[in-house]
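1. All I have is the shape, not the residue letters:
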């Protein structure tokens, strides 16, 4: 009987599930889905409250009647029999030493250690600083310096958020062209590193549609069409397939690549800002620019991949998804003219990484990293978002990837 690629891939993913303590804890938590919201809220406030165990039990009691009997017995025991100081210490240890490092790297040394270990296994890495939005010009300058230091010292491939380079207060003044010029000026400084070092790569990430989509595309493509960077092939842009107009952007990228005579790197992702975009559209009284159904996003993801295969001379594609069907579609498109790499979120795709090795597909782990000038607390909101994705019973939809 013929087995489709995505079915075979899904089978490999199941067979290659990791059995680390953290992975097992997460699978147990995913099974007892009723308690997940309480733990996710705890992650967000852990650093701001003196009694995490009291907060956790207050949240659990809101859904007490829905919890299985064995969980109620366990939580009654911990609530009444464990000293609070011990209970709180245990909660902080599990979060800070077990769960947090599974998803994020805490600074340069942790990232370098992860990168070294993965490269020995044939896996690349992409570094992404968390908590990137710059409020002031000083914040933007700090992030730019951190990006430059990372690229020249310990990270071969970095993801750059436009919101970390253009301070939020600049949008209260000036025009679209002023904002675009500010982004171009900041990116130009970063692009000089991969221009003179072919071993270094940059991907400019996609952010919120209304503020950043056109601004980012125009700034990046204008730089790549300029005399300074027209031959640069190790810089690219992320493209979100949950956008209704994503094919327009795909064609815009291909047209720019044809004009410059050199391919452009593209990271194809599903999307990460659905809820905030919905609120922003209502606030602006604008049409909602994203697909409302996951199935439509997945279909568009495959259509854009088909389009890029037809223009394989113009693009170098990274497929960023944890969806076996989407990855299977990409694998079926692969031939001598169309090759691609896969990017997987750290902590969310270890079994996928192992499965891809069977197909001998180039792949990288996308590693969120707490900047050296930030505390570990800056990664807690990111961690909460990742835990929400894991707890999604439908799963498989990548966010920000």
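-> Structure received. All values derive from a computational prediction rather than experimental measurement. Numbers count the residues shown, from 1 in each chain.
2. Give me the packing partners of the helix or strand where residue 342 lies, helices and strands only.
-> Taking DSSP states H and E as the definition, residue 342 sits inside strand 340-345. Applying 3 or more Cβ pairs under 8 Å, 6 or more residues apart in numbering; DSSP states H and E, one finds that strand 340-345 contacts strand 315-319, helix 324-333, helix 350-359, strand 363-369. All C-beta spots, glycine's among them, are computed from the backbone N, C-alpha and C.
3. which one of these lies closest to residue 145?
-> Nearest of the helices and strands packed on strand 340-345 to residue 145, taken as Cβ to Cβ: strand 363-369 at 15.0 Å.
4. Against which helices or strands is that closest one packed?
-> Helices and strands touching strand 363-369, as assessed by 3+ Cβ pairs under 8 Å, 6+ apart, comprise helix 108-120, strand 124-129, strand 340-345, helix 350-359.
5. switch the cut-off to 6 Å
-> Where contact means 3 or more Cβ pairs under 6 Å, 6 or more residues apart in numbering; DSSP states H and E, strand 363-369 is packed against helix 108-120, strand 124-129, strand 340-345.
6. Tabulate these in TSV, adding columns for mean pLDDT.
-> Output for these, formatted as TSV (pLDDT from 0 to 100):
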stretch	mean pLDDT
helix 108-120	94
strand 124-129	96
strand 340-345	95
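7. For residue 317, find the nearest of those.
-> Of those, nearest to residue 317 by Cβ to Cβ is strand 340-345, at 4.3 Å.
8. can you give me how far the closest one is from the chain middle?
-> 11 Å (Cα atoms, centre = their mean, to the nearest Å).
9. can you list contacts of that strand?
-> Where contact means Cβ atoms under 6 Å, 6 or more residues apart in numbering, the residues beyond strand 340-345 that reach it are 317-320, 330, 352-353, 356, 361-366, 401.
10. tell me which of those is nearest to residue 90?
-> residue 365 (28.9 Å).
11. and the gap between that closest one and residue 160?
-> Distance, residue 365 to residue 160, using Cβ to Cβ, to the nearest Å: 18 Å.
12. got it, and residue 64?
-> Counting by Cβ to Cβ, the gap from residue 64 to residue 160 is 45 Å.
13. Contact partners for the closest residue in space to residue 91 that isn't next to it in sequence?
-> Leaving out its chain neighbours, the residue that sits closest to residue 91 by Cβ to Cβ, 6 or more residues apart in numbering is residue 52, at 4.8 Å. Residues near residue 52 by Cβ under 6 Å, 6+ apart: 46, 88, 91.
14. I'd like the residues you listed as CSV, with pLDDT, secondary structure and distance to residue 336 appended.
-> As requested, the contacts of residue 52 are arranged in CSV below (pLDDT from 0 to 100; DSSP: H, G, I helix; E, B strand; the rest coil; distance: Cβ to Cβ, whole Å):
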residue, pLDDT, secondary structure, distance to residue 336
46, 90, helix, 51
88, 94, helix, 58
91, 93, helix, 53
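15. I'd like to know which of the residues you listed is nearest to residue 247.
-> Nearest member of the contacts of residue 52 to residue 247, counting by Cβ to Cβ, is residue 46, at 42.4 Å.
16. How many neighbouring residues does the closest one have?
-> Other residues lying near residue 46 total 21 when counted by other Cβ atoms under 10 Å.
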